[in-house]
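*Asks:* Sequence below, structure please.
(chains A and B)
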There are 2 protein chains.
Amino acid sequence: MKLALVCFMFAVVAGVALGQNVPSSLAEKLGYAQDAKLLIVHADDLGMTHAVNAASIHALESGLVNSASMMVPCPWFPEIADYAKNHPDADLGLHLTLTSERVYLRWGPVASKEKVPSLLDSAGYFFHDWNAETHINPKEAELEIRAQIERAYAMGVRPTHLDTQQYRLIMSGKDLFEVVLRVAHDYRLPVFVTRDWFAEHPYLEPSLGPRDIVVDHTVTIEPTVPAEKWVDFYTQALRNLQPGVTEFVIHLAFDGEEMRAATRERDTWGAAWRQRDLDFFTSTNFRRLLQEQNIKLISWREVARAAKLE
Amino acid sequence: MKLALVCFMFAVVAGVALGQNVPSSLAEKLGYAQDAKLLIVHADDLGMTHAVNAASIHALESGLVNSASMMVPCPWFPEIADYAKNHPDADLGLHLTLTSERVYLRWGPVASKEKVPSLLDSAGYFFHDWNAETHINPKEAELEIRAQIERAYAMGVRPTHLDTQQYRLIMSGKDLFEVVLRVAHDYRLPVFVTRDWFAEHPYLEPSLGPRDIVVDHTVTIEPTVPAEKWVDFYTQALRNLQPGVTEFVIHLAFDGEEMRAATRERDTWGAAWRQRDLDFFTSTNFRRLLQEQNIKLISWREVARAAKLE
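*Replies:* The predicted model follows:
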């Protein structure tokens, strides 16, 4: 017992020492000046529909959207997994998914259903969303996200990073956040966490270890922005970009029959929204703003290298 | 033991007696003359994509396609289940599905994966197809098709009949056929079986009981028919329609981006194929041929009633 106590105290002291050993900024780790303005333009939700895949591939190949993440449980994951396998330099991560938020197009777990009952509704799909009555078992969440990563690897995908759909695994408490960190460490993958979230979710910062990546800022457009102000919103966001690393979280799709049907119950992240994002982030206007503001695009691939995860 | 033996012999004798008591033709059971030409125009694969759902709903509402079946494991099943729930008079059955035949859009089981390993590939999807090396465990097939039916009921669907995707559960041996029959009997649902298949699959006829429905004939277009001969094929099929009940098995979708992407690896049952089927079966030409040939449309709802299953 005494030896155990001494070991514990040593670990605490060592942890504190590491914590005090303030690392250089992420920008510096990436080889830039501390006040450089670095941007990851990150498309979410790949795999959800063909329209999302097609638009995201189009945007990635334009060079202005340089990062994205894929939803393994979704029906069109095989299409984007095939693309990922054939484009090993593309910066494609996994968008860990434990909800199925739409009404007419739905999906369920990759793990065996019997093993993840707390994640499922009565028809066996993931819940549309989580609320105070939803009791997610963190062990089941861990089993499911490991199953998603394993399916991706089994299909030849080598993800560059992890993030989580609707931030559910980040913003739903310490237990689930620690699950994501543990799994990320096991697979040596960086997780998208930004210090913008630290104030509202005080468990985030103390859970992070010295080698975990923290992105300085994030920007995502909100439903309060009217369609005609879309370009203004992003223009202002780029003009006001802070030094350090920022991730723009965007949602792309072609606004066609499939996407309109898939999102028809709610405009937020709907077909027209995604077409507006696609239009802006593949525009010459966006390219000009990047140059004008001296913003450098970086990807999770470089972040992982800086964090010595690759 | 002696009592059991007597009971068994009585059951055998009673069964033989029932078998010998030749029922009237299906046409007569439906209240038509034995030589009436009765047709079910049946759209397969609902739930697979939005384009299939939208086209099938359009065709059902045209009145000329009067029956269809839904794939419960597929991503767009919630959309068509919602339609079925809100259109309780529509003749919508379940297209029991144990394969996932496409490349870029895939699906897996409704049952817990651990319970149906013989149905799954290494990534946890249903196999693309079955071949001599695929050893399907009939108990697992039964568990999965029961799970599909239970999900449909849980979502408010009241299916009118059962059929099976790519005829896999009908044409893959006696064990699987008996699974489908047993499940159909439990749910008091008719199963699509036609005597056109009896010669090639000799186990079918002896497996059927006296109350099972047998459709006299079926017609489905084959990949050998060139696109420009589509109308000719169906015109000839209608002009040559035999007396009794025939089911036309057709495949509908709008030929758009989603369907083209979903079927791009193979033209058979592809987007253009499905648009051609949609065009023919909603045409005034088809309506005229039905009148000209004195063909009556019937549905599985009437068949179930005739079989005293409803």
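*Asks:* And for A:Asp163, the neighbour number?
*Replies:* 23 (other CB atoms under 10 Å in any protein chain shown). In this view, the C-beta of every residue, glycine as well, is placed from N, C-alpha and C.
*Asks:* residues contacting A:Thr134?
*Replies:* Counting by CB atoms under 8 Å, 6 or more residues apart in numbering or on different chains, A:Thr134 makes contact with A:Phe127.
*Asks:* Apologies, that question was intended for A:Arg288.
*Replies:* Going by CB under 8 Å, 6+ apart, A:Arg288 touches no other residue.
*Asks:* let's see 10 Å
*Replies:* Remark: with contacts taken as CB atoms under 10 Å, 6 or more residues apart in numbering or on different chains, A:Arg288 is in contact with A:Leu238.
*Asks:* and it, that's in a strand?
*Replies:* No - residue assignment for A:Arg288, taken from DSSP: H, G, I helix; E, B strand; the rest coil, gives helix, which places it outside any strand.
*Asks:* Next one: it from A:Arg239, what distance?
*Replies:* 12 Å (CB to CB, to the nearest Å).
*Asks:* residues in contact with stretch A:194-204?
*Replies:* With contact meaning CB under 10 Å, 6+ apart, stretch A:194-204 is reached by A:167, A:170-175, A:177-178, A:181, A:193, A:205-208, A:213-219, A:244-247, A:249.
*Asks:* out of those, which are buried?
*Replies:* Listed as buried from those are A:167, A:170, A:172, A:177, A:181, A:193, A:208, A:213-219, A:244-247, A:249; burial here means 16 or more other CB atoms under 10 Å in any protein chain shown.
*Asks:* how many neighbours does A:Arg195 have?
*Replies:* Other residues near A:Arg195 come to 15 when the count uses other CB under 10 Å.
*Asks:* Alongside chain B, which residues does the stretch 101-250 of chain A contribute?
*Replies:* Near chain B, the residues belonging to the stretch 101-250 of chain A are A:102-117, A:121-125, A:147, A:150-156 when assessed by CB under 10 Å from any CB of the partner chain.
*Asks:* Just the ones of these in helices?
*Replies:* Using DSSP state H, the members of these that fall within helices are A:147, A:150-154.
*Asks:* What's the mean pLDDT across the helix or strand where A:Leu39 lies?
*Replies:* Assigning secondary structure by DSSP states H and E places A:Leu39 in strand A:37-46. Per-residue pLDDT values across strand A:37-46 average out to 98.
*Asks:* Partner strands of that strand and their direction?
*Replies:* Paired strands of strand A:37-46, with direction, are strand A:67-70 (parallel), strand A:244-251 (parallel), strand A:295-297 (parallel) (DSSP bridges).
*Asks:* Chain A: helices as residue ranges?
*Replies:* Remark: helices of chain A, listed N- to C-terminal, are A:2-20, A:26-29, A:50-62, A:77-86, A:138-154, A:168-171, A:174-187, A:204-207, A:230-239, A:257-262, A:271-281, A:284-292, A:300-306; assignment by DSSP H.
*Asks:* Selecting buried members of the ones in helices among the residues of the stretch 101-250 of chain A next to chain B in ChimeraX, what would you type?
*Replies:* To isolate the buried ones among these in ChimeraX, judged by 16+ other CB under 10 Å, type:
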select /A:147,150,151,152
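*Asks:* In this structure A:Ala253 contacts A:Asn53, no?
*Replies:* Yes - using CB atoms under 10 Å as the test, A:Ala253 is close enough to A:Asn53 to be in contact (8.7 Å).
*Asks:* quick one: which of these two has more around it?
*Replies:* Neighbours per residue (other CB under 10 Å) separate A:Ala253 from A:Asn53, with A:Ala253 holding more: 30 against 27.
*Asks:* Which residue, neighbours along the chain excluded, lies closest to the more buried one?
*Replies:* Once its chain neighbours are removed from consideration, A:Ala253 has its nearest residue in A:Arg274; the separation is 3.6 Å (CB to CB, 6 or more residues apart in numbering or on different chains).
*Asks:* For the one you found, give me its contacts.
*Replies:* Contacts for A:Arg274 were tallied using CB under 10 Å, 6+ apart; they are A:43-45, A:49, A:51-52, A:55-56, A:250-255, A:259, A:263.
*Asks:* Narrow these to those that are buried.
*Replies:* A:43-45, A:49, A:51-52, A:55-56, A:250-255, A:259, A:263.
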